[in-house]
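Visitor: coords please:
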Amino acid sequence: MLVLSLLTSLLIAAPSALALKEHDFKKCSQSAFCRRGRALAERAANASATWQSPYSVDPATIELVEGQAALTARVKTALYPDISFTLEARIHDDGVARVRMDEYRGWRKRYDGTADWVLIKEPTISSSVEWVKGKKDVTASYGENKLRIEYKPLRVVLLRGNKEEVVINGKGLLHMEHFRKERGGESASSATPEATPVEGEGQAVFEAPKPVNPNAWFEGEEEDGYWEEQFNSWKDSKPKGPESLSLDINFPHHSHLYGIPQRATRLALPSTTGPDPHFEEPYRLYNLDVFEYLASSAFGLYGSIPILHAHSAASTVAVLNLVASETWVDVHYPTTKSANTHWISESGILDLLLIPGPTPERVFEQYAGLTGASAMPAAWALGYHQCRWNYVSSDDVRSVQKRMDEDAFPVDVFWLDIEYSPDHKYMIWDEKGFPDPLEMLADVEKNERHMVVIVDPHLKREQSYPVYKKASDLGVLVKPANGEGEYEGWCWPGSSSWIDFFNPVAWDFWKTIFKTDPKDVPKGEWHWAQSTPKLGIWNDMNEPSVFNGPEITMQKDLIHYGGWEHRDIHNINGMLYHNATSIAARERTSPEMRPFVLSRSFFAGSQRFGAIWTGDNMGTWEHMAVGIPMVLSNGIAGMTFAGADVGGFFGNPPPEMLVRWYQVGAFGPFFRAHAHIDTKRREPYLLEEPYKSIVRSVLRLRYSLLPVWYTLFHDAATRGLPILRPQYVVFPKDDKGFSIDEQFYVGNSLLVRPVTTPDTTEAKVYLSDDQPYYDYFTHAIYRGGSKEITVSAELHQIPLFIRGGSIIPTRERPRRASPLMKRDPFTLTVALDRDGAATGELYLDDGESYDFRSGALVWRAFEFAKGKLSSKDLVALNPGKAADGVELAVYDPKQNAYAESIKDVRVEKVVILGLSAKPKSVTAPGVGALEFQWVEGSAAKGKKEGAASKLIIKDPKVRIVEDWSINIE
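Guide: Residues are numbered from 1 along each chain as shown. The predicted structure is shown next:
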């Protein structure tokens, strides 16, 4: 017992022991392939006048695919005449271009499976676009775009009109290191000259000179880290030798770059190379468990999405680099109107998708067409989540719920971290603290709330632990470097092994484990009987985190199913765990229900499986501030269901900071408060006044706006649009907003400028367009037009504005949890634009099933124009866009069971802001005159600011599911 107690103490202390220590993690100079890539770039820069890529296309090998916009060709390299590569280029139906290159008949096979996990289907190749082969290049033209492949040197260019938008290998940094056999330090192309005599004592001593490497101008003199590599105490055996891929991707006419999350930095990526770089290290894409990460760094964190957006006032384009190995990206801005990038990956083929845009919205839609849109979440998951490491018992959970209710704080979800399980054997309940798990879950669920429980990927290596034993018996665990047995590492349970989800057998095993009903599993098979179908799942530590591994992760030479090394698939490893858990949770019931699965690690495509968060942040003002661009960056990279832990995971934030953090968190798609085991309890009911009341009002604000959030999730699920939208997305032609990331839009209608600094009483807000902006709370009008305004931002105030031209649907009745609001009436706030018009949408469904894919949903359009407010059915008008992933071929509103279930839900109030004069009458067809109240104020038209005029229509006697109109004369 003493040993066990000591082990537990050491593991609980692990976060502190692993708090960010730079020597635990590599810099580029400590990674051989990155070092080689940067050295290549330096040689190219030093010889820029004469530098030319050694790669070229052999025109005689070009083959065009009949009836498709596809070609193949052979690429040669002047470095190694006996080595060649296969180049493929395709134009998809949606205008996306795909370029692939792999070694031709290589000695080994490079990993080429990333696309299989990322893309939702094999993209359809256009049948209407033709390639035109010339003497110097081959070109495909489609719409405004062209894809041109130049022969010598190899150069791939995406053009719009005659302007180069994306250039591949324009700087000559393309280099795919071919597979080779180790020759005792002698490279395959070396020539050995005669030895020269050196005088010794009594006889001539012949000194063999170093081999002459004719490729040193490009590859460097030394075989730097080709065959093994040392980092701290860890040796990487590198059995396949060098196989890295260097690639420059440049944007000659785009001034700003965004994307390649996750890291803590500005939304517009600062430079990493050039005369005066902001960061000295390249941006790293390598999923790692980083405790107490820095608030400003190029360092890669828990997830990696290799998509980069390039933006200018003229257009937006993007590139998706389908490589799953460790990757470093250098960014340089040679002029104020251009941007260059250099990608250096450890392994994998070249598989690049060029996304032409030309607007941010089109880029999002094209990316979603490739990788899938966000899953439509369970509605309750958009409420407030209360978490800490750890609620120590079932009675502790009940107590927290009771206190939240007593102090009137709405909450939807309570979370349990790792201490619910004995010795961290996940899915097993600690009998001392949680003797009645099903009763505890029932006590939460009877109040229309939910619980989320952590299930980490490491399995305690103990035969009495049924999850590990079954995985071991099936042979679905990651293997050591020799490919035999089971890899053993160290994590929370102590000695641990990891399921290899690249093995298809693991998926069926995982689905069985999650079943709650014994009738659904083979007789004698263990399953999680002490859980419920409503239980949410938390996938943490899935980078994977290995406490005694290099950089707190797995060794790169471990073996996965199919014989692939961990180095080849590291960045998609966590996504597979998230994917498998999401499917297992979804299939617990028949018919299936929408699961909630939170993951810390992610990759391109993870948006299909659930939510993510920004990891183990700290309770500091700097971490609060950087959480905003982190969430924005995740969103534009497709991972829009994201948030940062309110209050910071580490530390004890003072009340002022905690209040401001709630104000930030309430405007994140994923809204959770979380805290480390060593922190003081900080549930909102523990706050003193006035902080307690301020937080309560923030939570109620979040809940009143849930119809807006849910409607935006529908937008994300059907079109791939981010829920939080940076300034450049909403106003892509206003270059003054391209670097703004301290304010953002919720959809296109609500502008939020959270306060992230102490002792603040006012805030500056940038208004891009010349529409009126209405203070959400006071309805005061501010006039935009590419200018900055100063507004009051006392501790109880959130700078929040309705953009003129918007209609905001809300539910204003306070409830304890969001499911209790399902039949509550709506308030419509109509904020007129300068032309006296406004539009808005509302999407509703049952919030938990997939019946919406069969037409059980409500999707309404609201419009105010020429004195009439109306509502119409968008499902009938847009059946192909009503549900995620399906087209409603036949939609009969009379057969809409969900609409029937809420047919009595009404609009209880309409507030119209910015009318020019008091109406003479307000009427509704079939109803007659409606009661209204008028408040004088400023009109949307004109230049006057101050309190807006306000028309309040109480009980307009219209139903939310019906077509209706209200006339204002």
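Visitor: residues touching the closest residue to residue 562 other than its chain neighbours, list them.
Guide: Closest residue to residue 562 apart from its sequence neighbours, by CB to CB, 6 or more residues apart in numbering: residue 502 at 6.3 Å. C-beta: built from backbone N, CA, C; applies to glycine. Listed by CB atoms under 8 Å, 6 or more residues apart in numbering, the contact partners of residue 502 are 560-562, 564, 569, 576.
Visitor: quick one: which of the residues you listed is nearest residue 798?
Guide: Distance to residue 798 across the contacts of residue 502 (CB to CB) is lowest for residue 576, with 39.0 Å.
Visitor: my guess is residue 478 meets residue 488, correct?
Guide: No. Under the criterion of CB atoms under 8 Å, residue 478 makes no contact with residue 488, lying 9.8 Å away.
Visitor: Of these two, which one has the most company?
Guide: residue 478 (24 against 15; other CB atoms under 10 Å).
Visitor: Check the gap between the more buried one and residue 584 for me.
Guide: In this view, residue 478 and residue 584 are 19 Å apart by CB to CB, to the nearest Å.
Visitor: One more: residue 781?
Guide: 52 Å.
Visitor: The two - which one has more neighbours?
Guide: residue 781 (26 against 23).
Visitor: Checking that one next. Helix, strand or coil?
Guide: With DSSP: H, G, I helix; E, B strand; the rest coil as the basis, residue 781 sits in strand.
Visitor: ok, now residue 875?
Guide: helix.
Visitor: Equivalent analysis for the one 5 residues further on, please.
Guide: Classification of residue 880 by three-state DSSP places it in helix.
Visitor: for residue 695, same thing?
Guide: helix.
Visitor: Once you drop chain neighbours, what's closest to it?
Guide: Nearest to residue 695 is residue 684, by CB to CB, 6+ apart, at 4.5 Å.
Visitor: ok, the one you found touching residue 697?
Guide: No. Contact between residue 684 and residue 697 fails when scored by CB under 8 Å: they sit 11.0 Å apart.
Visitor: hmm, back to that, let me know the secondary structure of the residue nearest to residue 562.
Guide: Residue 502 ends up coil, using three-state DSSP.
Visitor: between residue 478 and residue 488, what contacts are shared?
Guide: Joint contacts of residue 478 and residue 488 (CB under 8 Å, 6+ apart) are residue 497.
Visitor: Quickly note the distance from the residue most central in space within the chain to residue 610.
Guide: Among the residues of the chain, the one closest to the centroid is residue 639, at 2.6 Å (CA atoms, centre = their mean). Distance from residue 639 to residue 610, counting by CB to CB: 10 Å.
Visitor: picking up where we left off before, now do the contacts for the residue nearest to residue 695.
Guide: 404, 407, 409, 662, 673, 692, 695-696, 699.
Visitor: Scan these and report the most crowded one.
Guide: residue 662 (26 neighbours).
Visitor: right, and residue 44 touches residue 52 too?
Guide: No. Residue 44 lies out of contact with residue 52 (CB under 8 Å); the separation is 9.6 Å.
Visitor: Neighbour count for these two, which is higher?
Guide: residue 44 (19 against 13).
Visitor: For that one, which three-state class applies?
Guide: Per three-state DSSP, residue 44 ends up helix.
Visitor: so how many other residues sit close to the nearest residue to it once chain neighbours are set aside?
Guide: Spatial nearest neighbour of residue 44, chain neighbours left out: residue 51 (4.8 Å); criterion: CB to CB, 6+ apart. A count of neighbours around residue 51, defined by other CB under 10 Å, yields 16.
Visitor: quick one, what contacts residue 51?
Guide: Here residue 51 is in contact with 43-44, 171-172 (CB under 8 Å, 6+ apart).
Visitor: Which PyMOL command selects the buried ones in the residues you listed?
Guide: Here is the PyMOL command that selects the buried residues among those (16 or more other CB atoms under 10 Å):
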select buried, resi 43+44+171+172
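Visitor: number of nearby residues for residue 489?
Guide: 22.
Visitor: One more: residue 256?
Guide: By the criterion of other CB under 10 Å, residue 256 has 20 neighbours.
Visitor: and if you look at residue 794?
Guide: Neighbours around residue 794, by other CB under 10 Å: 10.
Visitor: which SS class is it?
Guide: Residue 794 ends up coil, using three-state DSSP.
Visitor: quick one: it from residue 760, how far?
Guide: 8 Å.
Visitor: Please apply the same query to residue 714.
Guide: Residue 714 is 35 Å from residue 760, by CB to CB.
Visitor: What of residue 629?
Guide: 19 Å.
Visitor: For these two, indicate the residue with more neighbours.
Guide: Taking neighbours as other CB under 10 Å, residue 629 and residue 760 compare with residue 629 leading, 22 against 14.
Visitor: give me the element that one is part of.
Guide: Residue 629 belongs to helix 621-636 when assigned by DSSP states H and E.
Visitor: State the next helix or strand along the chain beyond that helix.
Guide: Scanning forward in sequence from helix 621-636 by DSSP H and E, the next helix or strand is strand 642-643.
Visitor: so residue 640 makes contact with residue 669?
Guide: Yes. Between residue 640 and residue 669 there is a contact under CB under 8 Å: 6.0 Å.
Visitor: Now the common contact residues for these two.
Guide: Common neighbours of residue 640 and residue 669 (CB under 8 Å, 6+ apart) are 723-724.
Visitor: Who has more neighbours out of the two?
Guide: Taking neighbours as other CB under 10 Å, residue 640 and residue 669 compare with residue 640 leading, 29 against 25.
Visitor: The more buried one: what's it in contact with?
Guide: 374, 607, 634, 669, 716, 722-724.
Visitor: In helices only, show me the residues you listed.
Guide: 634, 716 (DSSP state H).
Visitor: Among the contacts of residue 640, which pair sits farthest apart?
Guide: 607 and 724 (13.7 Å).
Visitor: These two: who's more crowded?
Guide: residue 607 (28 against 23).
Visitor: pLDDT score for the more buried one?
Guide: Here the pLDDT value assigned to residue 607 is 98.
Visitor: please begin residue numbering at 53 from this point
Guide: Noted, 53 is the first residue going forward, which turns the last one into residue 659.
Visitor: my read: it touches residue 694, true?
Guide: No. In this structure, residue 659 is not within contact of residue 694 by CB under 8 Å, at 9.2 Å.
Visitor: Just give me the neighbour total for the residue nearest to residue 431 when sequence neighbours are not counted.
Guide: Leaving aside its sequence neighbours, residue 431 sits nearest to residue 899 (CB to CB, 6+ apart; 3.0 Å). By the measure other CB under 10 Å, the count of residues near residue 899 is 20.
Visitor: packing partners for the helix or strand harbouring residue 137?
Guide: Following DSSP H and E, one finds residue 137 within strand 136-143. Contacts defined by 3 or more CB pairs under 8 Å, 6 or more residues apart in numbering; DSSP states H and E place strand 136-143 against strand 122-129, strand 149-155, strand 189-194, strand 197-202.
Visitor: Could you break the protein into its assigned domains?
Guide: 105-231+295-305+396-423, 777-1020 (the TED database).
Visitor: I'd like a version of those in CSV, one that adds distance to residue 560 as further columns.
Guide: Listed next are the domains of the chain as CSV, based on distance: least, CB to CB, whole Å:
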stretch, distance to residue 560
domain 105-231+295-305+396-423, 18
domain 777-1020, 22
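Visitor: do you know which of the ones you listed lies nearest residue 372?
Guide: Nearest of these (CB to CB): domain 105-231+295-305+396-423, 4.3 Å.
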